[in-house]
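1. Quick check, what structure comes out for this input:
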Amino acid sequence: MLKKLFIISIGCCFLTSPAYARNWNLGIKLAYIEPDGSLISGSDNADNIGVNLGYQWPLSLGAIGLEADYTTSFLEGSEDIDGIPINEAFFIDTLGAHATYKTPGYATKLGIYSKFRAGVTYYKVTNTGFLNEEEADFSLGVGVGLKLGQVAIEIDYTTFNDFDMFSFTVLF
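-> The predicted structure follows:
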């Protein structure tokens, strides 16, 4: 046990050194998740909140990276069937892992950049009624970001299976 704790401590010191810390980012994400009609017809969308953790490798033409994000519903979506509202709310949790590319504006202290991502998103939809679904699916995303010193703001669109996710993320 002591040996594992020692190895983890050394690793944390290495990763938090100034040379590596600037490549890590941690973010807060707000997401609006819209199901398409094949899963839940005529629904109001779920609003989610979550976190984003990523690592970027700077290049002369932007940055490539890996990121993981998790969101959970803080405002549930509601459903209707054939235009008749039913009193069942649905909640959705998402967990994604993506490879990313950010254009050269990301490498500057102040700049606008584009972001492209591809990976896998696991999602779980639950409600009090008949719908309980969980699945992992290929996901693609595109977005735009604004770098403001050590902080970045991103607006992103990601699609996976029966859902479209629009998100706003603040990265530190």
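
2. How many neighbouring residues does the nearest residue to W24 once chain neighbours are set aside have?
-> Nearest residue to W24 in three dimensions, chain neighbours excluded: Y55, at 5.6 Å (Cβ to Cβ, 6 or more residues apart in numbering). To be clear about C-beta, it is placed using only N, CA and C from the backbone, and glycine gets the same treatment. Per other Cβ atoms under 10 Å, the neighbour tally for Y55 reads 16.

3. Using the three-state scheme, assign G141.
-> Of the three states, G141 takes strand according to DSSP: H, G, I helix; E, B strand; the rest coil.

4. That one and G54, how far apart?
-> According to Cβ to Cβ, to the nearest Å, G141 stands 13 Å off from G54.

5. Now list whatever residues contact both of those two.
-> Residues touching both G141 and G54 (Cβ atoms under 8 Å, 6 or more residues apart in numbering): there are none.

6. Give me the phi and psi for the residue nearest to W24.
-> Per-residue torsions, Y55: phi -130, psi 130 (degrees, to the nearest 10).

7. which residues of this protein score low on pLDDT?
-> Screening the chain residue by residue with the criterion pLDDT under 70, one finds the ranges 1-21, 37-44, 76-88, 128-131.

8. Excluding chain neighbours, what is closest to the residue nearest the centre of it?
-> In the chain, the C-alpha closest to the average C-alpha coordinate belongs to D69, at a distance of 4.1 Å (Cα atoms, centre = their mean). For D69, the nearest residue in space outside its immediate sequence neighbours is N52; the separation is 4.3 Å by Cβ to Cβ, 6+ apart.
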